[in-house]
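*Asks:* Next one to model:
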Amino acid sequence: MKVLHNGEETEIPEGMTGIEFLRQFQYRRSMIKLNGEQMQTMTFSKVVLKDGDDIVVKRISGGG
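*Replies:* Below is the predicted model of the structure:
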């Protein structure tokens, strides 16, 4: 199935969960939006992604 991942069409397996998505793309500390709604990582982790979902993930980096 196809989703938008940071504005680019991306093919992912049917039934993929948010946590599987984050692991596949090696996201750790991240800000996540699903279909325009900001989500906590724990909430997103439990979501089963659907065809056409719009996923925006931004890495959070610390520094000083």
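*Asks:* any chance you could map the strands in the chain?
*Replies:* In the chain, the strands defined using DSSP state E lie at 2-5, 8-11, 30-34, 37-39, 54-59.
*Asks:* for the ones you listed, which one sits closest to Phe21?
*Replies:* Phe21 lies closest to strand 54-59 among the strands of the chain, at 7.0 Å (CB to CB). (C-beta placed from N, C-alpha, C; glycine too.)
*Asks:* between the strands of the chain, which gets nearest to Val47?
*Replies:* The minimum distance between Val47 and the strands of the chain falls on strand 30-34, with 6.6 Å, by CB to CB.
*Asks:* what pairs with the spatially most central residue of the chain across the strands?
*Replies:* In the chain, the residue lying closest to the centroid (CA atoms, centre = their mean) is Ile55, at 4.9 Å. The bridge-partner assignment for Ile55, based on DSSP bridges, gives His5, Leu34.
*Asks:* ok, now which ones touch it?
*Replies:* The contact partners of Ile55, by CB atoms under 8 Å, 6 or more residues apart in numbering, come to 3-6, 21, 32-34, 49.
*Asks:* at 6 Å instead, please
*Replies:* Contact analysis of Ile55 by CB atoms under 6 Å, 6 or more residues apart in numbering lists 3, 5, 34.
*Asks:* now swap in Val57 and tell me
*Replies:* Residues near Val57 by CB under 6 Å, 6+ apart: 27, 30, 32.
*Asks:* change it to 7 Å
*Replies:* With contacts defined as CB atoms under 7 Å, 6 or more residues apart in numbering, Val57 is in contact with 6, 27, 30, 32.
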